[in-house]
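Enquirer: Got a sequence here, can you model it:
(chains A and B)
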2 protein chains.
Amino acid sequence: MEILQQHRVHGGTLSYCRHDSAATGGAMRFSIFLPPGAGPHPLLVWLSGLTCTEENFTTKAGAYGAAAAVGLAVLAPDTSPRGEGVADDPAYDLGQGAGFYVDATQAPWAPHFRMETYVTRDLLAAIEAAFPLDPARRGISGHSMGGHGALTLALRHPDLFRSVSAFAPIVSPTRCPWGEKAFSAYLGEDRAAWAQHDASLLIAGGAANGHYDDILIDQGTADSFLEGQLKPQLFAQACADAGQKLTLRLQEGYDHSYFFMASFIADHIDWHARRLKTA
Amino acid sequence: MEILQQHRVHGGTLSYCRHDSAATGGAMRFSIFLPPGAGPHPLLVWLSGLTCTEENFTTKAGAYGAAAAVGLAVLAPDTSPRGEGVADDPAYDLGQGAGFYVDATQAPWAPHFRMETYVTRDLLAAIEAAFPLDPARRGISGHSMGGHGALTLALRHPDLFRSVSAFAPIVSPTRCPWGEKAFSAYLGEDRAAWAQHDASLLIAGGAANGHYDDILIDQGTADSFLEGQLKPQLFAQACADAGQKLTLRLQEGYDHSYFFMASFIADHIDWHARRLKTA
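Expert: Residues are numbered from 1 along each chain as shown, chains lettered A, B, ... in the order given. Below is the predicted model of the structure:
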């Protein structure tokens, strides 16, 4: 692992890093914030949305003051493999910058677009070998496509995470244009495979199984993607039917931007810290 | 004035705007955050550094949570005139993105590069006509070149401002390469004209005159520009000699980036709020 840049921020240390991933077959970038103190620290994994790199959340979310205050490390990976040998698409919502946190099974995506295995296996192993982190205390969150990633990875890998939240997540990619396009490309036309990566269908299928005491979702009411892509009511209904507690907060007048996330990130940091700092 | 974008953030409203300035002879952009409530609000004017637009501080400083908490509006203008008819230079530290908050007297800069008059006259007039702000309660701050701008505009226009602070400011542009280059270009070779825009020389010349009870400067000790360009000791010596109180905080391990500003911006917001919310 190579540390590309380091900055002191809020008394902790922010590092931009590059490492090689077997899952994606190439170099990947991420940022990691370590709070003050020796650790081992609990960790919040943050998954970003369409078009983002590791940079967007790191520079715009304003998360590190709150994270330093509660002693939480924060990891922000890139959203896809990248580079000349990696498949891409001219659209912003497919290919590089749009990995959707699944392992692609279809050409031309399959050899590199394996973001689920990358995040849950290679990335966690790499950072926990390099930094003073506590593997028993991890939470996961994210925004939009990354909110989908946070919910689905939390539900598919409950052994890895103890807390989960999301901002404006794509809660049912099998039932929105972004998800239908990406899943068709990455997973093919078999909708049974799609269902394994749809947070609402996973909840309906019993994936949560009491593992998470509660799930926090913030959604802005002025979000231009609310009706067409995000549809939080599908997740709320699935949680209600399955007996999964959900704290869904509709934030009046907020949009899909980082200004929305910056406004409530401290609440999410505290949400995870309360669950990861105890027991 | 045209509002280009609006976002809710931390319960307030952030607007990106464009308006025409007589001083610069063209369209200028800025962002302004209004805290919750009806106003009239006190205002913090933020001046950014080399290469920045109105966007950098707005997205990266994480200032609006603290500003909302104390009821402070925050204005962030661009750092120079821009556009095809505006002179420029290939270097990052001259021309567009590098206005240095002076009114240029030399060709080819003079017709447009009039950032002092732009900020202190056209911009304040425009925002105070359009938004519920209290013209009697303004503070000013900034970073690097913008820290120079904050200190010099505060000292040259004490009638406009009641509080002043800076992050890693260029405290004596007449004695550093950035300032010597810019002032030669914009003001010509007469160093008497330069001295009127050098914060340390203004203090030495008695410009502060008891107007500001104290001046806050944060400076990172790991800032790569500290020795060659910033030289806070020149300002500290001038303040000591002139009897101007200065709170100069050397922040161990912090660099010149927005991560440094994000770490201490809440202290600066509080510094200004304490001086602008009372009396």
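Enquirer: Can you tell me the element the residue nearest to residue A:207 when sequence neighbours are not counted falls in?
Expert: Once flanking residues are discounted, residue A:207 sits nearest to residue A:155: 4.2 Å by Cβ to Cβ, 6 or more residues apart in numbering or on different chains. C-beta here means a position set from N, CA and C on the backbone, and glycine is covered the same way. Secondary structure from DSSP states H and E places residue A:155 in helix A:145-156.
Enquirer: and after that helix, which helix or strand comes next?
Expert: Trace forward from helix A:145-156 with DSSP H and E and the next one is strand A:163-167.
Enquirer: Report the contact partners of residue A:53.
Expert: Contact partners of residue A:53, counting by Cβ atoms under 8 Å, 6 or more residues apart in numbering or on different chains, are A:29, A:78, A:79, A:97.
Enquirer: rewinding a little: OK, contacts around the residue nearest to residue A:207?
Expert: Here residue A:155 is in contact with A:199, A:202, A:203, A:207, A:208 (Cβ under 8 Å, 6+ apart).
Enquirer: helix/strand/coil for the last one?
Expert: Yep, that's residue A:208 we're talking about. Following DSSP: H, G, I helix; E, B strand; the rest coil, we place residue A:208 in the coil state.
Enquirer: Is residue A:229 located within a strand, as I assumed?
Expert: No. Counting by three-state DSSP, residue A:229 is located in no strand; its state is helix.
Enquirer: can I assume it is in contact with residue A:180?
Expert: No. Assessed by Cβ atoms under 8 Å, residue A:229 is found out of contact with residue A:180, at 10.3 Å.
Enquirer: State whether residue A:46 is indeed within a strand.
Expert: Yes. Judged by three-state DSSP, residue A:46 forms part of a strand.
Enquirer: Return the per-residue confidence for it.
Expert: Looking at residue A:46, its pLDDT stands at 98.
Enquirer: And for it, the neighbour number?
Expert: 29 (other Cβ atoms under 10 Å in any protein chain shown).
Enquirer: again, but for residue A:274
Expert: So residue A:274, with other Cβ under 10 Å, has 12 neighbours.
Enquirer: so which helix or strand takes in it?
Expert: helix A:258-276.
Enquirer: so that helix versus strand A:163-167, what angle?
Expert: 170 degrees (axes from the mean of the first three to the mean of the last three Cα atoms, to 10 degrees).
Enquirer: Identify each buried residue in helix A:258-276, please.
Expert: A:258-266, A:268-273, A:275-276 (16 or more other Cβ atoms under 10 Å in any protein chain shown).
Enquirer: Read off the pLDDT value for the residue of the stretch 151-279 of chain A found nearest chain B.
Expert: Using Cβ to the nearest Cβ, residue A:259 is the residue of the stretch 151-279 of chain A that sits closest to chain B, at 3.9 Å. Looking at residue A:259, its pLDDT reads 98.
Enquirer: What of residue A:278?
Expert: Residue A:278 is given a pLDDT of 60.
Enquirer: What of residue A:209?
Expert: pLDDT, residue A:209: 85.
Enquirer: Tell me how many other residues surround the closest residue to it other than its chain neighbours.
Expert: Distance criterion Cβ to Cβ, 6+ apart; nearest residue to residue A:209, sequence neighbours excluded, is residue A:158 at 7.5 Å. Neighbours of residue A:158 under the rule other Cβ under 10 Å: 16.
Enquirer: do the same with the one 4 residues further on
Expert: For residue A:162, the neighbour count with other Cβ under 10 Å is 20.
Enquirer: Residue A:66 is in contact with residue A:270, correct?
Expert: Yes. If you go by Cβ under 8 Å, residue A:270 and residue A:66 touch, sitting 7.0 Å apart.
Enquirer: Show me the strands in the stretch 101-250 of chain A, by range?
Expert: A:133-142, A:163-167, A:215-220, A:246-251 (DSSP state E, counting those that start in this stretch).
Enquirer: For the residue nearest to residue A:209, give me its contacts.
Expert: A:207, A:208, A:209, A:211, A:212 are the contacts of residue A:158 under Cβ under 8 Å, 6+ apart.
Enquirer: Test my guess that the second one contacts residue A:245.
Expert: No. Counting by Cβ under 8 Å, residue A:208 does not reach residue A:245; the two are 9.4 Å apart.
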